[in-house]
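Trainee: Please work out how this folds:
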Amino acid sequence: EGNYTVIATFSGFYPKSVLNVPVTSGMDTLNVNITLEPKPNRLYGVVKAGTLLLPGVNVSLLGTAYYNISNYEGSYQITNITAGTYNVSASLSGYDTNITEITIPAGTDVLVLINLRQLPGAQLLVKVTGTDTGSPLVGVLVTISLDGGEPLTQTTNIDGKFAFTGLPP
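Mentor: Sure thing, here's the model as predicted:
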């Protein structure tokens with residue numbers, strides 16, 4: 001007999017306590033209801049084409065507003081995702097769109113490594129370095145254009161590289 005604290009815990013959820021639950025000898029204590037709040041979920045990973053880290057890739061959960069653009073290291077992360085099953089889409093000009101089904105359990109971080117395949121056609125691999133040190137330059141905007149064609153623009157990765165793929169011969 002007395003007042004008790006009831007604590008509920010479950011993987012993927014924040015624990016919750018109910019204070020001062022009265023227990024009387026010989027009586028059932030009913031209607032002690034606890035609703036647990038799920039912890040935020042995170043999807044993260046790296047996007048590559050072979051060994052080339054790909055910045056500027058749109059990684060999105062199809063049918064939702066969740067997305068992120070990969071950074072200079074090819075890394076992306078999408079946070080505060082509701083637990084469930086999703087189709088993850090990764091797209092970048094010059095590469096086949098990659099779609100992968102994933103399940104995100106409540107309160108977890110899910111790692112998805114994405115490898116994009118270049119479209120058929122010619123490839124132009126660009127590496128930009130500084131003349132002073134020869135070190136790779138990160139985040140350089142590189143633009144190419146075929147005579148009279150629409151310019152293509154990409155940004156160099158952490159290694160100072162980027163590939164233009166699927167180019168006409």
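
Trainee: Please verify my assumption that G84 contacts I102.
Mentor: No. Counting by CB atoms under 8 Å, G84 stays clear of I102, with 9.6 Å between them. Any C-beta I mention is one placed from the backbone N, CA and C, and that applies to glycine too.

Trainee: before we move on, which element is the residue located most distally from the centre of the chain in?
Mentor: Ranked by distance from the centre of the chain (CA atoms, centre = their mean), the top residue is G26, with 54.2 Å. Under DSSP states H and E, no helix or strand contains G26.

Trainee: got it, and the one 5 residues further on?
Mentor: Take DSSP H and E as the rule and N31 turns out to sit in neither a helix nor a strand.

Trainee: same question, the one 3 residues further on
Mentor: Using DSSP H and E, I34 sits in no helix or strand.

Trainee: Which pLDDT value does the model give L19?
Mentor: L19 carries a pLDDT value of 94.

Trainee: quick one, what contacts it?
Mentor: Each residue near L19 by CB atoms under 8 Å, 6 or more residues apart in numbering is listed here: 3, 5.

Trainee: let's go with 7 Å and repeat that
Mentor: T5 (CB atoms under 7 Å, 6 or more residues apart in numbering).

Trainee: What is the three-state secondary structure of it?
Mentor: strand (DSSP: H, G, I helix; E, B strand; the rest coil).

Trainee: what about it, distance to I7?
Mentor: The gap separating L19 from I7 is 10 Å, by CB to CB, to the nearest Å.

Trainee: now do N33
Mentor: 14 Å.

Trainee: Then V140?
Mentor: V140 is 54 Å from I7, by CB to CB.

Trainee: who's more crowded, those two?
Mentor: V140 (19 against 11; other CB atoms under 10 Å).

Trainee: And that one, how far from T153?
Mentor: 11 Å.

Trainee: And for L141?
Mentor: Distance from L141 to T153, by CB to CB: 6 Å.

Trainee: who has more neighbours, these two?
Mentor: T153 (14 against 10).

Trainee: The closest residue to that one other than its chain neighbours - how many residues pack around it?
Mentor: Spatial nearest neighbour of T153, chain neighbours left out: T143 (4.6 Å); criterion: CB to CB, 6 or more residues apart in numbering. Residues within reach of T143, counting by other CB under 10 Å, total 9.
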